[in-house]
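Visitor: Show me the folded form of this:
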Amino acid sequence: MTTLSNPIRIYVDADACPVKDEIYRVAARHGLPVSVVAGQFIRVPQDRLIERIAAGPAMDAADDWIAERAGPCDIVVTADIPLASRCVKTGAEVIAPNGKPFTEQSIGMTLAVRNLMADLRSSGEITGGPKSFAARDRSAFLSALDQAIRRIQRRQAEAPGSRQV
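Guide: Predicted coordinates for the structure are as follows:
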């Protein structure tokens, strides 16, 4: 049974994304289009479902490109917390490469902590960075991506006026 409505699209903030290959595999399995967005040219597999976007060298050009397009039928993969906040506000499902979902309930505190940590680092208080990416992060991401796809599919199926064939 297929729902005829807006197709789910996956937007990838690609510059430092460690799970691009996983996204391509999941998208192929579900037949979903993927927009791989970076500031400059980035290599992607040749596939009709994968679109490469070079958003330009301006600061936050890739983030702006994604935020202007992402909506309720979309999934955004990013570790960029300000971009995640913008996309959550549009109704998109937003997932970090480590599988952590950004939601309306969590994004405010996540953004506040990020800003606090940036302030502390700029004053010389903290020198450590994020923990390294691990195999369990990849597994958590795959699970979160599948869950996000299913949530959107359920919403589409339950939406008034959706046709099922």
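
Visitor: Skipping adjacent residues, who's closest to residue 92 in space?
Guide: What sits nearest to residue 92 in space, not counting adjacent residues and going by Cβ to Cβ, 6 or more residues apart in numbering, is residue 70, at 4.1 Å. For the C-beta atoms, the positions are set from N, CA and C on the backbone; glycine is no exception.

Visitor: Look up how far residue 84 lies from that neighbour.
Guide: Residue 70 sits 10 Å away from residue 84, going by Cβ to Cβ, to the nearest Å.

Visitor: So if I had to pick from those two, which one is more boxed in?
Guide: Here residue 70 and residue 84 are set side by side on neighbour count (other Cβ atoms under 10 Å), and the busier one is residue 84, at 29 against 26.

Visitor: Do I have it right that the more buried one meets residue 76?
Guide: Yes: taking contacts as Cβ atoms under 8 Å, residue 84 lies within contact range of residue 76: 7.2 Å.

Visitor: Can you work out which residues contact both of those two?
Guide: Counting by Cβ atoms under 8 Å, 6 or more residues apart in numbering, the residues touching both residue 84 and residue 76 are residue 94.

Visitor: And for residue 39, the neighbour number?
Guide: Using other Cβ under 10 Å as the criterion, the residues surrounding residue 39 number 19.

Visitor: typed the wrong thing, it's residue 79
Guide: Counted with other Cβ under 10 Å, the neighbours of residue 79 add up to 19.

Visitor: Can you give me the pLDDT of the residue nearest to residue 92?
Guide: The predicted structure scores residue 70 at 97 on the pLDDT scale.

Visitor: Could you check how far it is from residue 152?
Guide: 12 Å.

Visitor: which other residues reach the helix or strand where residue 157 lies?
Guide: Counting by DSSP states H and E, the element that carries residue 157 is helix 135-158. Residues outside helix 135-158 that contact it (Cβ under 8 Å, 6+ apart) are 3, 5-6, 8, 18-19, 22-23, 26, 30, 32, 72-75, 77, 93, 95-101, 162, 164.
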